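Engineer: Output the structure for:
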Amino acid sequence: MPEPLNNENREDFLDRCMIDAESEMTFPDTDQRFAFCNSQWDNRNKEKKQDMKTGYGNKSTSLEVKEVDTDSRIVAGYFSAFNNIDSDGDMIMQGAFTKSIQEHGVNSDSNRKISHLAFHDVTRPVGNLKVLREDERGLYFESELGTHDDGENALKMYKDGIIKEHSIGFNYISDKTNFIEVEKEKTEHPLVKQLGGYWSISEVKLWEGSFVTFGANAETPNLTNIKSQDDLNNVLSDLKQRMETFIKALKDGNYSQKYNNLFEVELMQITKQFESLVKFEPFQKESQSNEKSDSEKQKEETKRIVSILKTIKI
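Structural biologist: Numbering: from 1, shown residues only. Got it, this is the predicted structure:
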């Protein structure tokens, strides 16, 4: 049965609904059909209000760390990325942080400025933001890391390449969220297909930006993006590089114990990611024997890495 589209007004929807074949078959009487179409429109508005996003949220980005200067203790990167549909079905639009930056940013008069934290923990600030602005890619920052324990560990992790993700802590603003409907056959994005669209976020109330060592879905890689042997090879290569980085950090012993504990958790997450890939078949294998051989070799290498990870003694 027809349902209102996000970009339709009432008159356009009623016109379309009244001549819809399924509507005509189900409600041959014109008055009944009009009542049904009108009800569809009214229910759509009610559902929209119920689904408005509110409350506090976190969102991560893997945009690269732009700069690490160990002498000045300045790090630069992105807390958030624009025009990217995340695991919540949200797309943060350019301009979403403008008001927050004006009211609580680096150059504001607020005594509650936007913070640079470790793992969204308000008791663990790691530095003072010197620059916070939007550009075409996302929310860019420059921060001077402190000389306290968390600041020292953060500087080492940035330098060693352990920190690769950042995340924001914010509140949704209900009337600044808009659900954009997308026809399933017109998108390849699996979540957009499932939801029938995505949430466009034009403004949020930003409180802080944090570094995180691993995301919320760390035990399972995004298998929907693996469509070829090359894709699988790239995922495994990234995991292997990350594994080696954490093993080196633990063996070097340059970090405080609470961070060593976090690194051990990260290695367990990486182990689970490798295990989930051991039996994964991303695509139909071609008949060529060399491709089959490459796939089998990669699978054997993955199993070997899993066995190594399980025997590491920290």
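Engineer: And the strands in the stretch 151-300 of the chain?
Structural biologist: Remark: strands assigned in the stretch 151-300 of the chain by DSSP state E, counting those that start in this stretch are 165-172, 177-181, 197-201, 204-212.
Engineer: Please identify which of those is closest to residue 39.
Structural biologist: strand 177-181 (18.8 Å; CB to CB). C-betas here are computed from N, CA, C, even on glycine.
Engineer: about what we covered before: just put the strands of the stretch 151-300 of the chain in JSON lines and tack on mean neighbour count.
Structural biologist: Formatted as JSON lines, those follow (neighbours: other CB atoms under 10 Å):
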{"stretch": "strand 165-172", "mean neighbour count": "21"}
{"stretch": "strand 177-181", "mean neighbour count": "16"}
{"stretch": "strand 197-201", "mean neighbour count": "21"}
{"stretch": "strand 204-212", "mean neighbour count": "22"}
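Engineer: And those strands: which comes nearest residue 137?
Structural biologist: Taking CB to CB, strand 165-172 is the member of the strands of the stretch 151-300 of the chain nearest to residue 137, at 12.6 Å.
Engineer: what's the average pLDDT for the closest one?
Structural biologist: Strand 165-172 shows an average pLDDT of 91 in the prediction.
Engineer: cool, stretch 139-146 as well?
Structural biologist: The average pLDDT for stretch 139-146 rounds to 96.
Engineer: For it, what is the distance to the chain centroid?
Structural biologist: 20 Å (CA atoms, centre = their mean, to the nearest Å).
Engineer: Would you mark the buried spots in that stretch?
Structural biologist: Across stretch 139-146, burial judged by 16 or more other CB atoms under 10 Å covers 139-146.
Engineer: Stretch 62-79 now?
Structural biologist: Of all the residues in stretch 62-79, those buried under the rule 16+ other CB under 10 Å are 63, 65, 68, 73-79.
Engineer: Could you do stretch 184-201 as well?
Structural biologist: Going by neighbour count (16+ other CB under 10 Å), the buried part of stretch 184-201 is 192, 195-201.
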